[in-house]
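>>> sequence plus predicted model, see below.
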Amino acid sequence: MNHAKRLLLANRAWSQEATARDPGFFERLAQGQQPRVLWIGCSDSRVPAERITNAQPGELFVHRNIANLYTSDDGNTSSVVEYAVHALGVEHIVICGHHHCGGVRAALSAPSDALPAVNRRIAGLRQLAHRHRDTLNAIDDFEARVDRLVELNIVEQVRLLRESPIVLSAPVRPTVHGWVFGLRQGLLTPLTDLDDVPDSMPAAIAAA
Ligand code: CO
């Protein structure tokens, strides 16, 4: 069976299971959304926002792009942030990057002629790498350098969002968090707010 067909079949099974567990589930979803969190993550297939946080439909308003970048001159990203903050009134914005990020690795490599749109998209990342060149050049291992730039990028995107007119003009200003996802353990680590670390995990999450 091809991969696309497999997804359709899996969707049927998921819908049936969800309905069996909670017959009113989809009816309630159809009445509207009230997510409390805007998630801005990387498009990378290994970092599915809802999966890694055990979030249900309706919980996360999600935007994903290459290397989880927020740029105010990008109509796609800024329209998502605007809607989340000014229409949905989210209380939190999570910028989630991840180690081993291909977009960040590309920003530390020679531009590829085959990927002009990606090159344009990560231009700001190259500038960020240049600004932090002393820190990055002090790291011998290339993959460790990538991971360091991943973290610097998350902190930078958090700063840009916190200073953005969209967030500053919000009726209720959301808290902006920067988290990094480690692929080896599957764990999220807060980078910008140390008080984000939960004291204890709900049993269901800890067991997952
Ligand atoms: Co990535």
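Yes, it's here.
>>> hmm, who's touching the longest helix seen in the chain?
Determined from DSSP state H, the single longest helix within the chain is helix 142-162. Here helix 142-162 makes contact (CB atoms under 8 Å, 6 or more residues apart in numbering) with 40, 67-72, 81, 93, 95-101, 104-105, 107-108, 125, 128-129, 132, 135-136, 139, 167, 176-180, 191-192. For the C-beta atoms, the positions are set from N, CA and C on the backbone; glycine is no exception.
>>> could you rerun that using 6 Å?
70, 95, 97, 99, 101, 104-105, 128-129, 132, 136, 139, 167, 176, 178, 180, 191-192 (CB atoms under 6 Å, 6 or more residues apart in numbering).
>>> got it, and stretch 35-54?
The contact list for stretch 35-54, computed with CB under 6 Å, 6+ apart, reads 59-68, 84, 90-96, 98, 101, 181, 183, 205, 208.
>>> let's see which of the contacts of helix 142-162 end up in helices.
Of the positions in the contacts of helix 142-162, V104, R105, L128, A129, L136, V167 sit in helices, assigned by DSSP H.
>>> from V150, how far out is the second one?
In other words, R105. In this view, R105 and V150 are 9 Å apart by CB to CB, to the nearest Å.
>>> who's more crowded, these two?
Per other CB atoms under 10 Å, whichever of R105 and V150 has more neighbours is V150, with 24 against 18.
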